Structure formats: structure tokens, C-alpha cells
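>>> With the input below, show me the fold.
(one chain, ligands or ions: 2)
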Amino acid sequence: MANGLSRVKTIARSWGTAARNLTLGRDDALPVAPARPPARSYTVDADIPVDIGCIKVFRAESFPESGPSPWLDRPDALDTIERRVARGEITARQAEICRYWTEHGYYVARGAIDPDTIDEAWTAYEAAIARGDLTLAPEKAAEDDPHPGRYLNPHLKVEELDRLLKHPVLLNFSSLVLGRQAIPFQTIASHKGSQQSEHSDSIHMTTYPLGYLAACWVAMEDIHADCGPLVYYPGTHRLPYLFSHDVGISTDDFRERGYAAYSERYEPAIKREIADHGAEPQHFLARKGDVLFWHANLLHGGSARNDLRHSRKALVHHYFAEGCICYHDLSSSTSAVHGPVESLPTCGASSPDIKVRRKIAS
Ligand SMILES: O=C(O)CCC(=O)C(=O)O
Ligand SMILES: [Fe+2]
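Residues are numbered from 1 along each chain as shown. Ligands and ions are numbered 1, 2, ... in the order given. Purely as a prediction, here's the structure:
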């Protein structure tokens, strides 16, 4: 019995590691469709201009503190919303959503995607798996776990998923709350709950200036309370951003120990933040086609799967905004959205008028 239990624990642990490794920059710990070469400009729209080619270490502490913050994060957000409605730039309904976002850092759009689109996308995903175009790792939470693991960026292989990532409702919403054009970056498809520890996506997908990431979770079926729904903590987007440096993960630590360092230092720090601020969890109990959008810094994770038999079919999308440097703080690397490392411009080449940024950590 003890043996059986420890085997289950080992499986759960290694599965948990795999889940955490589903980080969102260049990592390849989980099955992933090969990335297409993107065509992003390197122009950075920041109060303190920075030349991407001059950055040596892509970590938060390498960048100056600089705005502009996304419009809904600014102290005058509510006034700006009113002015924009008065000028007819946004509707009264959009204004209501924006006020909600400013205060809570998320928004639930019920029935945002019609059931036929959902079914078409999921059927195409399953067909690609059945054809062997995508191979999912088992990521078993226990020996009798019937569902396969997550898959990173299936939209690169399945056209219907690519269409869903670029669905106007999702893109328009993300652009509205970011205040800049949203750039589709990534999809993660899952058959089951991730049980991923609470985190802010900003340690996995960081932007300079900060805050220019939006995520959404699309329910691809009705979500059962015992399947390990997405858990999120309203209002936590207003807490300070927490990066590797802040929790004592050095670049060497991450290079040598990878996500062991993350689970030792970052995950407990986030749990402490949640406890210290008395943040209350909410669970996304959804109907097929419902979508939860969240802010770059909203704390969230995958809750416990109380009943392993229940699936939890979902697609998570992440969108960056135009005019940012996008990087992976943990591994100190640029995001795949900027293309291959070799193709990054040299210092001074992309923005001839910006020679060096203020203070570059080496
Ligand atoms: O689906 C989940 O349980 C968590 C997903 C997540 O945190 C993410 O993709 O950012
Ligand atoms: Fe996340």
C-alpha cells in the first residue's frame, strides 16, 4: 500500500513538473508544434525607449521602470473610460467591462464562442491526434488517469485552432483591455485539469513595458466542479509583479535546476502573497463556449482534480500587445514572438536613435 501510494506520488510529482514546464516562451519540455518564423517589429513603445538588440539578459531587473502602463491599470482609468464613452470611442457595455477589468483583473464572457465553432475546433484537434500529427504525453496524475496531457501551440498544426486563436471576439476583447492591438501568441490545449500551482503569467511571458499580456481560457465543454477547474483570485492583478529575481532565482539557478528552482522559490512565494492579502479564490465553472479573460498579473492556477474521470477540455490563449519587448523572465530569453535568437538585431540596428538603454544588467 505504502509502495503504491509513493508510486502514485512519484507519478503525480513528475506530472506536476511536466505541467509546470509548460512555460510559455521557448521551453520544449512538453509536446509542441514547431514554431513558424514570426514577423514582429522591434519598435518599442515605452516612456523609456529600449533597444532590444542591446539587452544582454532578458530578466525584469534588466529593464528600467517605465510606463506607459496599459490604460486600464493607470490611476485615472475610470475617468478615461468615461471620456472614451462620451467621445463614442467605446460603447456603454464596453465601458462596463473595462471598469470591471480595472477593479477585478478578469472578465467572464458567457457564450462568447458559439457551440458549433467549439465543436469544429475540438473535433479537428482530436482528428489531428488520431492521425498522429500531434502526440500528447500521458502526464498521468495517477495510474488510472484516463486523460492525456496538454499540448503547446497546436494551432500551428490545426487550422481550426488557429482560427479560434484569432477569433474576432477574443482578439477585440484583448485589444480593448490592453489598449493596443493584441498579437496572438500561443495556445495550450488540455483534455484535463492542469493542477498547476498558482502563478502570474508575467513570470512566463513578460513584457517591457509591463502588463501587455492578456490571456483567455475557452471552455471546450461544460466544466464540472470536480474536474479541477481553473482557479483565479480576483483583484490580485494589482499586487506587485513578482519575478525570478524577487524570489531569489538567479539565471544560473534556472539554468542548472530549471523548474525545481521555480517550485521551491516562486510557488511558495505566490501562495504567501495569496494568504497575506486574504485573496479569495474563484473557480471557473463554465458552459461550453464560455470564456474567462485575465490580466497579465492575475494570480491563477489549476485546482485539484477531485475526480480523475472528469475531463476538462479547454484552450488557453495568450496575447501580447504591439510595441513591447516580450521575454521569458525565468530563462532570460526573448519570447518566440520575436523570432529566432539569431535573427535579433544587433545593438543599435533596430532603433538607430537609441544607442543603449539606461542601465543594462550584465
Ligand atoms: O488551465 C489551467 O489550469 C492553467 C493554465 C494557465 O495557467 C495558463 O495557461 O496560463
Ligand atoms: Fe497561467
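
>>> in stretch 129-137, what's buried?
For stretch 129-137, the neighbour count (16 or more other CB atoms under 10 Å) marks 129, 134, 136 as buried. To be clear about C-beta, it is placed using only N, CA and C from the backbone, and glycine gets the same treatment.

>>> Can you list the neighbours in contact with that stretch?
With CB atoms under 8 Å, 6 or more residues apart in numbering as the test, stretch 129-137 has contacts from 18, 30-31, 33, 125, 128, 148-151, 154, 157-158, 191.

>>> Taking these, tell me the two that lie furthest apart.
The most widely separated members of the contacts of stretch 129-137, counting by CB to CB, are Ala18 and Val158 (21.5 Å).

>>> Which of the two has more residues huddled nearby?
Neighbour totals were compared for Ala18 and Val158, and Val158 leads with 25 against 18 (other CB atoms under 10 Å).

>>> Please list all residues in contact with Arg255.
Counting by CB under 8 Å, 6+ apart, Arg255 makes contact with Ser331.

>>> Can you report phi and psi for it?
Backbone geometry at Arg255, expressed as degrees, to the nearest 10, gives phi -60, psi -40.

>>> worst-scoring helix or strand of the protein, pLDDT-wise?
Among the helices and strands of the chain, helix 2-20 carries the lowest confidence by mean pLDDT, DSSP states H and E, at a mean of 39.

>>> Quick check: Val32 vs Lys313, distance?
Using CB to CB, to the nearest Å, Val32 is found at 19 Å from Lys313.

>>> and the residue of the stretch 51-200 of the chain nearest ligand 1?
Ser194 (3.4 Å; CB to the nearest ligand atom).

>>> sorry, back to before: let me know the closest of the buried residues of stretch 129-137 to Gly105.
Checking the buried residues of stretch 129-137 against Gly105 with CB to CB, the nearest one is Leu136 at 31.1 Å.

>>> What separation is there between that closest one and Leu164?
With distances taken as CB to CB, Leu136 is found 18 Å from Leu164.

>>> model confidence over the helix or strand that the least confident helix or strand of the chain is followed by, on average?
For helix 2-20, the following helix or strand on the C-terminal side (DSSP states H and E) is helix 77-86. Averaging pLDDT along helix 77-86 gives 98.

>>> Off-centre distance for helix 77-86?
From the chain centre to the centre of helix 77-86 is a distance of 28 Å (CA atoms, centre = their mean, to the nearest Å).

>>> ok, and what's touching the next helix or strand after that helix?
Sequence order places helix 92-104 as the next helix or strand after helix 77-86, per DSSP H and E. Contact with helix 92-104 is made by 72-73, 77-78, 81-82, 84-85, 90, 107, 173, 176-177, 234-235, 237, 293, 295, as judged by CB under 8 Å, 6+ apart.

>>> what packs against the next helix or strand after helix 92-104?
Proceeding N to C from helix 92-104, the next assigned helix or strand is strand 106-109, under DSSP H and E. Applying 3 or more CB pairs under 8 Å, 6 or more residues apart in numbering; DSSP states H and E, one finds that strand 106-109 contacts helix 92-104, helix 168-178, strand 291-295.

>>> Many thanks, we can stop here.
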